Every structure is written in C-alpha cells, then in structure tokens.
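**Q** Take this sequence and fold it.
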Amino acid sequence: MRSLSSLSLDDVTRTIRDQAVPILVALALWLGATSAYLLRRLMKTKAQLRTARSAAEDAARAAALAAPGGIDPEAVLEILRRGEAPTLDNVYAAMQRNERTATEPPEEAPSEAVAEASVSSPG
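**A** Numbers count the residues shown, from 1 in each chain. So this is what the prediction gives:
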C-alpha cells in the first residue's frame, strides 16, 4: 500500500473516477437523510409556532380584558396579526379604526334603474 504522501493527483482522480457510483450513492443517501431530518425539525417547529401563537393570542385577549379603560381584545389581536408593536397608542388607534368602520353605513348596491340604464340595447 502506498503512503498518502506518495499519491499523485492522477492517482486521486483515477480513484474518484473508478469509484464514482458508490461515492454518488453515499452522497445521495447522506443528503436524503439530512433532508428528512431537517423536514422533521421544520414540522416540529411549525407545530410549536402554532402553539405559541395561540398562547400569545390568548394572553393578549386576557390582558386586554383585564386592562383598565376597556381595551378591545380583538384590536390587540389585530395588531399582533399585522406584526405591529402592541403599544397602547397602536391599540387605541386600531380601536378607533374599528369603531369608524362599524359606524359607517355599508355601501348600497346600485339600483336596478341605474344598472338598466348603463346597459345599451342591442341593435
């Protein structure tokens, strides 16, 4: 057996070329196992994220109900879902937006007469 110091670049390339299929099989198996491991960790992390998000929403709702001044829990959840900082200023701004949209009358559908007038007769 030859020592490593006496190996030339040609010897190394010849060995790699002769053993290409087993090397590629080993590489493919290693990559497949690594991908499966990472996919499993991703699924666990997603499940933990869903649990944490649910707990955060429950905590935000409970804190909003316990806070003085009648903070709307849905406004807090809306802010959290949008990714804004849950400060009192943002919460009150969201509550005012919600109140404005709740007090505005819904848009009326165009009457049938307007709809008929906009359609031209054939011919």
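
**Q** and the next element down the chain from whichever strand or helix holds Ala28?
**A** For Ala28, the host element (DSSP states H and E) is helix 20-66. Per DSSP H and E, helix 20-66 leads on to helix 73-82 as the next helix or strand towards the C-terminus.

**Q** how about that following helix as CSV, C-alpha atoms only?
**A** Extracted as CSV, the C-alpha positions of helix 73-82 are listed here (Å, rounded to 0.1, in the frame of the first residue of the first chain):
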residue,chain,number,x,y,z
PRO,A,73,-59.2,42.3,22.8
GLU,A,74,-59.9,42.0,19.1
ALA,A,75,-58.0,45.2,18.4
VAL,A,76,-55.0,43.8,20.3
LEU,A,77,-55.2,40.6,18.2
GLU,A,78,-55.5,42.6,15.0
ILE,A,79,-52.3,44.5,15.9
LEU,A,80,-50.4,41.2,16.7
ARG,A,81,-51.5,39.6,13.5
ARG,A,82,-50.3,42.6,11.5
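
**Q** Just want the angle from it to helix 20-66.
**A** 160 degrees (axes from the mean of the first three to the mean of the last three Cα atoms, to 10 degrees).

**Q** thinking again about what came up before, now do the helix holding Ala28: which elements does it pack against?
**A** helix 73-82 (3 or more Cβ pairs under 8 Å, 6 or more residues apart in numbering; DSSP states H and E). Quick note: C-beta positions are derived from backbone N, CA and C, even for glycine.

**Q** and the gap between the residue minimising distance to the centre of the chain and Leu39?
**A** Closest to where the C-alpha atoms of the chain average out (Cα atoms, centre = their mean) is Lys46, at 9.4 Å. Here Lys46 is placed at a distance of 11 Å from Leu39 (Cβ to Cβ, to the nearest Å).
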